[in-house]
Structures are given as structure tokens and as C-alpha cells.
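> What shape does this take:
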Amino acid sequence: MDLKSNHTSPVLADNAPMNNTRLGLHSALLPYSHNASAFSSTLFLTIPRRRPGILDDVRSSLFDAMKSSSPTHNTKLTTESTTETTLRDSDIAYHNWTIKYPSALGLFEQIADKAKGKRIALFLDYDGTLSPIVDNPDCAFMSKAMRAAVSNVAKYFPTAIISGRNRDKVYEFVGLTELYYAGSHGMDIMGPVRPISSDYKNCIRSTDKQGKEVNLFQPASEFLPMIDEVFKSLVEITKDIAGAKVENNKFCVSVHYRNVDEKSWTTVGQSVHEILKDYPRLRLTHGRKVLEVRPVLDWDKGKAVEFLLESLGLMNCDDVLPIYVGDDRTDEDAFKVLREGNRGYGIIVSSVPKESNAFYSLRDPAEVMEFLKMLVMWKKKSAL
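Take a look at the predicted model:
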């Protein structure tokens, strides 16, 4: 078996289904590697049939992986003194973390100095970046103030939203025609019409909802029937799990367990794992209280950034400064692309310490909005 890896998780690359004498744990059911190194092949266990306790081992691995990717930060506290101590410790930890990932607001002048004489290209995640994380993913609306901030920044810089969501759903949430949109973690991109290199064979001319001609790039188009089939199977297998929600994001499927009782998280994970045993060309990754089924494809948000830069005519230009703002594990692929060769800046949005390939940090969507406003003010001043 050949073990390949991308930034977020390793991928089982053989096309043969696992047999009954071998238990293969999907990549996202294993501990996450923050430094993007490949997991050891020893993590994929070869186990004799009928080994006592094996189901318990699987359940434990499932639960541990889901819990580690979805930490609960609002721990229930029993006394005021405990609350004060916990908050103080949390503040100290976050302060220490910002030494490595300083605030993009506090060091905005540093970013501005780097941007002098350069053209900024702005890339934004949606959930947790432009909108708060909410219990119901269908209600992740951005505020009017945030929409105005994004609209204003797009007047001065080419701006794209790259989300794990269905591209049409993200456009419905944002509703701004002046942006470029990439859904399904960059597997469904609508960008400006420009000559594209032959590397992007699935790029075609199309029109957007306003009738404007655009480039449409869908590198995972062959997976559509498979994704739709898995979506229907996941809806059926999770229908009796209270709080579970399955979302079809066109080229990937998200299984949300944010509203599922923690005692049932393993049931959710096992259900997804059971379905995927018959789909070796699909892989499982983790987000915040969400399991995501995606094609085994060498494509991610980092490659989506590169595609959009080429579409914008900004690829391999010394006078371009790409900035990517995102909060989730899938955004790390984009941060890594920008960090390599010091091409641009990744900005991680988080209120808790976490390892990242980003250069800077912002605490929450409110600080993201402030950062966008500062970019606009800086651009106006520099034009005087």
C-alpha cells in the first residue's frame, strides 16, 4: 500500500477495498500532524481477525480524533476562583501564542511596509472568518457591517472567498458580485477570464448568474456521481442520530456533529467510516465538529490560491503580495503555499492557541472586519 500525504492528512492511495482481516483507519481518524509531516505507516494497523477488544480500539480512536479536532473551550466551571484562574491561564497562553503569531492589527504597519509598491491579492475563508461559527450551518450569516467591509476592500484589491461550502451557498451568504468564489475547498472555482496554463485541463469558459463570462475550474468533476451517492447514504445512515446534519457541498460532503451529544460522536464517526469502506477514492478529514468526505485528489485551498493568482495574472510576479485569512485546518494548505518562498502572508483567525503555517493572527471575525477596514484606509492614504 502506498501512503501519500498532503498538509492536512495522509491518504490511502490504493484502489482495492480493505479486506476483513485488515483494519485501515482513515487519515482523519488519526492524530493530526501540525507540521505537515507524513504519518508513519505503522499507524495503519494490521490486525488479526477476531482480536478481542478491536471494536473498542476503533471506537476509542474515532472518539479521540473527533474530540482533538473539536476542542471545547467553554469548560463548565464550578467556582468563581476557578473561573478567574482558568481565564488568567488562558489569557497568558494566548499572549504567549501571539508572540509567535502576532496580531495583524497590532503589526499592521509591518504588513503595510511589506505591501509598499506591491499589488495585494486578498483571499478569505468564510465560516469562522467572515461569519461566526454557529450551531446550524445554514444560519452562518455574515453581518451587514462585514458585507460592507468586504465590498469596500474588493474595490481596491482583487478579492476571493475560498470555502469548504458549496460555491453557490457561499455566494448566497455573501451576495457580492465583485468577488471571486471557490467552493468545496477550491474544487469548484469561478474566476476571471484569462489564458490559463495547460496544467488546468478542466478549466472551461462559462457565465455567472449575472451573465458575465468567467473561467470555471472543477478538477474533481468526475467525482460528482460518487459524491452524490455518498451524500444520500450518509443522510440515511445518520438519520437516527439526534443533532447530526449532512451537508452536500457539491464536491465534498460535510457531516456536522456540533449538535450531537458527545456520547454519540463515536456513532457518527463509525457511520461515516462504514460508508467510506466501499469508496477507496474518497478520504475523510476533520474540521471543527465536522467530518468531511473529499475526493482523493491532489488539490486543496493552497492550489486554489495559485489557480486564482494565475487567473488574475498575478502569478510569479515580484510586485504581488497575496494575503490569506482563515480559521480552519483546511486553510493551512493556503498558509503553507504563501509561506514557501516568502510569497505572502497567512493570517490565522483564532481565539485559542494552535499551531499554524500562518505569519499573523486575528482573534475573531470582528478583528477580521477591522483588518479589512485598515487595508482600505491604508490604500486610500497611499494613493494621495
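
> the helices in the stretch 201-350 of the chain, which residues?
With DSSP state H, counting those that start in this stretch as the criterion, the stretch 201-350 of the chain has helices at 224-238, 265-276, 301-311, 332-339.

> ok, which stretches of the stretch 101-250 of the chain are strands?
Counting by DSSP state E, counting those that start in this stretch, residue ranges of the strands within the stretch 101-250 of the chain are 119-124, 159-162, 180-183, 188-191, 203-207, 213-217, 245-248.

> Leu124 is in contact with Gly326, correct?
Yes - in this structure, Gly326 is within contact of Leu124 by C-beta atoms under 8 Å, at 7.3 Å. From N, CA and C alone the C-beta is placed, and that goes for glycine too.

> which residues do these two both contact?
Ile162 (C-beta atoms under 8 Å, 6 or more residues apart in numbering).

> surely Leu284 meets Glu292?
Yes - between Leu284 and Glu292 there is a contact at 7.2 Å, judged by C-beta under 8 Å.

> returning to that earlier point: reformat the helices of the stretch 201-350 of the chain as TSV; add distance to Leu176.
Output for these, formatted as TSV (distance: least, C-beta to C-beta, whole Å):
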stretch	distance to Leu176
helix 224-238	27
helix 265-276	34
helix 301-311	16
helix 332-339	20
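
> which stretch among those comes nearest Phe359?
The minimum distance between Phe359 and the helices of the stretch 201-350 of the chain falls on helix 332-339, with 7.1 Å, by C-beta to C-beta.

> who's Leu122 bridged to?
Thr159, Ile323 (DSSP bridges).

> what's the burial count for Glu292?
24 (other C-beta atoms under 10 Å).

> which residues touch it?
Taking C-beta under 8 Å, 6+ apart, one finds Ala28, Gly164, His185, Cys252, Val253, Ser254, Val255, Leu284, Thr285, His286 in contact with Glu292.

> Same question for Glu274.
Glu274 touches Ile237, counting by C-beta under 8 Å, 6+ apart.

> Find me the pLDDT at it, would you?
On the pLDDT scale, Glu274 is placed at 92.

> Now do it against Arg258, distance only.
Applying C-beta to C-beta, to the nearest Å, the value for Glu274 to Arg258 is 21 Å.

> Buried members of the contacts of Glu292 into ChimeraX, please.
In ChimeraX syntax, the buried subset of the contacts of Glu292 is picked out as below (16 or more other C-beta atoms under 10 Å):
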select :28,164,185,252,253,254,255,284,285,286
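
> quick one: His338 and Gly346 touch, right?
Wrong residue type there; residue 338 is Leu, not His. Yes - using C-beta under 8 Å, Leu338 makes contact with Gly346 at a distance of 5.1 Å.

> So for Gly326 and Leu124, which sits in the more crowded spot?
Each of Gly326 and Leu124 has its neighbours counted (other C-beta under 10 Å); Gly326 has more, 30 against 25.

> residues in contact with Tyr257?
Met66, Ser70, Gly243, Ala244, Ser264, Trp265, Val268, Lys289, Val290, Leu291 are the contacts of Tyr257 under C-beta under 8 Å, 6+ apart.

> thought the fourth one was touching Gly269?
No - no contact is recorded between Ala244 and Gly269 when judged using C-beta under 8 Å, the distance being 10.8 Å.

> which residues do the two both contact?
Between them, Ala244 and Gly269 share no contacting residue, judged by C-beta under 8 Å, 6+ apart.

> hmm, back to that, of all the contacts of Tyr257, which two lie farthest apart?
Ser264 and Val290 (14.9 Å).

> Leu338 and Gly346 - which one has more neighbours?
Using other C-beta under 10 Å, the more surrounded residue of Leu338 and Gly346 is Gly346, with 27 against 24.

> can you pull the contacts of that one?
323-326, 331, 334-336, 338-339, 356-360.

> quick one, phi psi at Asp135?
Dihedral angles of Asp135 (phi, psi; degrees, to the nearest 10) stand at phi -60, psi -40.

> ok, how many other residues are close to it?
Other residues close to Asp135 by other C-beta under 10 Å number 12.

> do the one 5 residues further on as well
Using other C-beta under 10 Å, Ala140 has 19 neighbouring residues.

> Likewise for Pro102?
Neighbour tally, Pro102, other C-beta under 10 Å: 14.

> Leu321 too?
So Leu321, with other C-beta under 10 Å, has 21 neighbours.

> now Ala112
16.

> gap between the nearest residue to it once chain neighbours are set aside and Tyr101?
Take Ala112 and drop its neighbours on the chain: the residue closest to it by C-beta to C-beta, 6 or more residues apart in numbering is Trp378, 5.2 Å away. Per C-beta to C-beta, Trp378 is found 21 Å from Tyr101.

> go on, Val170?
Taken as C-beta to C-beta, the span from Val170 to Tyr101 is 26 Å.

> With Ile241 instead?
On the measure of C-beta to C-beta, Ile241 and Tyr101 end up 36 Å apart.

> Could you measure from Ile189 over to Pro322?
15 Å.

> OK, contacts around Ile319?
Actually, residue 319 is Asp. It isn't Ile. Gly117, Lys118, Arg119.

> could I get stretch 127-139 in PDB with only the CA atoms?
C-alpha atoms of stretch 127-139 as PDB (Å, rounded to 0.1, in the frame of the first residue of the first chain):
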ATOM      1  CA  ASP A 127     -17.100  30.300   8.200                       C
ATOM      2  CA  GLY A 128     -15.300  31.500  11.300                       C
ATOM      3  CA  THR A 129     -13.600  34.200   9.300                       C
ATOM      4  CA  LEU A 130     -16.300  36.400   7.800                       C
ATOM      5  CA  SER A 131     -19.100  34.900   9.900                       C
ATOM      6  CA  PRO A 132     -19.100  33.400  13.400                       C
ATOM      7  CA  ILE A 133     -19.300  29.600  13.900                       C
ATOM      8  CA  VAL A 134     -22.900  28.800  14.600                       C
ATOM      9  CA  ASP A 135     -24.800  25.600  15.700                       C
ATOM     10  CA  ASN A 136     -26.800  25.500  12.500                       C
ATOM     11  CA  PRO A 137     -24.500  25.800   9.400                       C
ATOM     12  CA  ASP A 138     -27.500  27.100   7.400                       C
ATOM     13  CA  CYS A 139     -27.600  30.100   9.600                       C
END
